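Colleague: Need a 3D model of the following:
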Amino acid sequence: MDIEIIKSPAGFEALKDEWRRFLTECPNDDFFLSYSWLHTSLKGLPSESEPFFFIFRKGGKIVGAAPLCITKGKVTTPGGINLPIIINRLHFITDHLSPRYDLPFIGNPEPVLRLFTDYLRNNTAQWGFLELRQIPDSSPNLGLLQETLEKAGFFVSTVEDSACPYRHFNGTSNPKYPQFPPAYSKRLNRLINKGMKELNSYGKVELKISTESKSWREIKESMVEIEQESWKHREKHRLFSPDMNDFTTELISTAEEDGELLVICLEIDNEPIAYNAGFIYRGKFYSYSCAYKEKFARHKPGYILHREAIKIMYEMNMTEHDFLMGNSRYKRSFCESVRQNYVIRAFHDHPLSKLLYGLYTGVRPIYRQIKETLIANSTNGSQ
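Modeller: Model (predicted):
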């Protein structure tokens, strides 16, 4: 088995067709491993980050990958405090934006993971610590990766990351199959119907789907208009805010070209008041971002749109409606299952890396690592 490391967006672009064929054979394929997502992520990397994208080949064929990059910068504690420590963090590309990540593979993942950890062990000078965020509990790699890293001699920490509620369908438009889980109560349904009735008092209420009636330019204009009058504008969580605009525009444009984009807008007399933007990939709908104009908040436009979106996915014979990151109450109302994500961190023998291991696992290990480091240095006379 051979390792190839891609260090530029152009290097990944050259693998476009091969990457897509590879994913069709992967049991853990996901939209956030798709060409659309990774291509956009590589192009949007900040200047302090360098692509370090592992490709594992056997007989010339891709059998595994690790879409990583190296970022040189300050350490952020689990509590969100920035420490004046500069270190190289090896991590998934744009892991702060992705609701899910994994190491895709074909066949048995063990040889790929062993080769990956061997490379890490032999090249510790290139990285200070490894941080793999948003690995789902359904991943075949989760326990195996931790075990392989530990066998390679690394200090490993695995803790819960975000939770992702989702709604599973049976793949057929069977009217007897329940569209909503038990959490979706009659009271909530009445509340949504009441909101819809109240919205009708403003004018003609319509649902418009991007694939049926609008161009990408019109879709973007509607989304920007809604965000400008939503809570996301106040909290600076917008898809099209200055820091996110280029990434979002590239992502949605690429996904549209690949037939993966789906945006549902709720409109009153052709005025957009709420949107649900997501991606359709391998029979699943990934609800990526939603927003509504605050002046309509009391009428529950967000709930209305989520209910209608689930009905649309059901009619389209989707197998799953994924609400992605955030275990919010409104998401649980529509979902019967939750996917728990985990973060795996690995540290090596360098004193600074060992110190960070203590930082990420608690105060007591920090004290122990400092003490062991000081005693070791004093004993061998290196300091």
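
Colleague: hey, what's the residue lying closest to Cys335 once chain neighbours are set aside bridged with?
Modeller: Closest residue to Cys335 apart from its sequence neighbours, by C-beta to C-beta, 6 or more residues apart in numbering: Pro165 at 3.9 Å. The C-beta positions use only the backbone N, C-alpha and C, and glycine is treated the same way. Taking DSSP bridges as the rule, Pro165 bridges to Val338.

Colleague: contacting residues around Pro165?
Modeller: With contact set as C-beta atoms under 8 Å, 6 or more residues apart in numbering, Pro165 has these partners: Phe323, Asn327, Ser328, Lys331, Arg332, Phe334, Cys335, Ser337, Val338, Arg339.

Colleague: Pull out the buried members of those.
Modeller: Using 16 or more other C-beta atoms under 10 Å as the burial test, the contacts of Pro165 include Phe323, Lys331, Arg332, Phe334, Cys335, Arg339 as buried.

Colleague: tell me the pLDDT at the fourth one?
Modeller: Looking back up the chat, that one is Phe334. Per-residue pLDDT puts Phe334 at 86.

Colleague: what about it, distance to Glu267?
Modeller: Distance, Phe334 to Glu267, by C-beta to C-beta, to the nearest Å: 22 Å.

Colleague: Please enumerate the helices of the stretch 51-200 of the chain.
Modeller: Per DSSP state H, counting those that start in this stretch, the stretch 51-200 of the chain carries helices over the ranges 110-122, 142-151, 186-200.

Colleague: can you put the ones you listed in CSV and add distance to Ile5, mean pLDDT and mean neighbour count?
Modeller: Shown next, in CSV, are the helices of the stretch 51-200 of the chain (distance: least, C-beta to C-beta, whole Å; pLDDT from 0 to 100; neighbours: other C-beta atoms under 10 Å):
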stretch, distance to Ile5, mean pLDDT, mean neighbour count
helix 110-122, 9, 96, 17
helix 142-151, 19, 96, 17
helix 186-200, 50, 89, 14
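
Colleague: Same list (those) but as CSV, adding distance to Leu83.
Modeller: Below are the helices of the stretch 51-200 of the chain laid out as CSV (distance: least, C-beta to C-beta, whole Å):
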stretch, distance to Leu83
helix 110-122, 23
helix 142-151, 24
helix 186-200, 44
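
Colleague: Can you check which of those helices gets nearest to Leu359?
Modeller: When these are compared by C-beta to C-beta, helix 142-151 sits nearest Leu359, at 18.0 Å.

Colleague: so how far is that closest one off the chain centroid?
Modeller: What separates the centre of helix 142-151 from the centre of its chain is 22 Å, taken as C-alpha atoms, centre = their mean, to the nearest Å.

Colleague: tell me the angle of it relative to helix 110-122?
Modeller: Computed by axes from the mean of the first three to the mean of the last three C-alpha atoms, to 10 degrees, the angle separating helix 142-151 from helix 110-122 equals 40 degrees.

Colleague: Report all helices and strands that helix 142-151 contacts.
Modeller: For helix 142-151, the elements it packs on are helix 110-122, strand 129-136, strand 155-168, strand 337-347, judged by 3 or more C-beta pairs under 8 Å, 6 or more residues apart in numbering; DSSP states H and E.

Colleague: still on that earlier bit, go through the buried ones among the contacts of Pro165 and flag which are in strands.
Modeller: Arg339 (DSSP state E).

Colleague: what's the burial count for Phe129?
Modeller: Other residues within reach of Phe129, judged by other C-beta atoms under 10 Å, total 25.

Colleague: And the strands in the chain, which stretches?
Modeller: Assigned by DSSP E, the strands in the chain fall at 2-6, 49-58, 61-76, 82-92, 129-136, 155-168, 205-209, 261-268, 271-281, 284-292, 320-322, 337-347.
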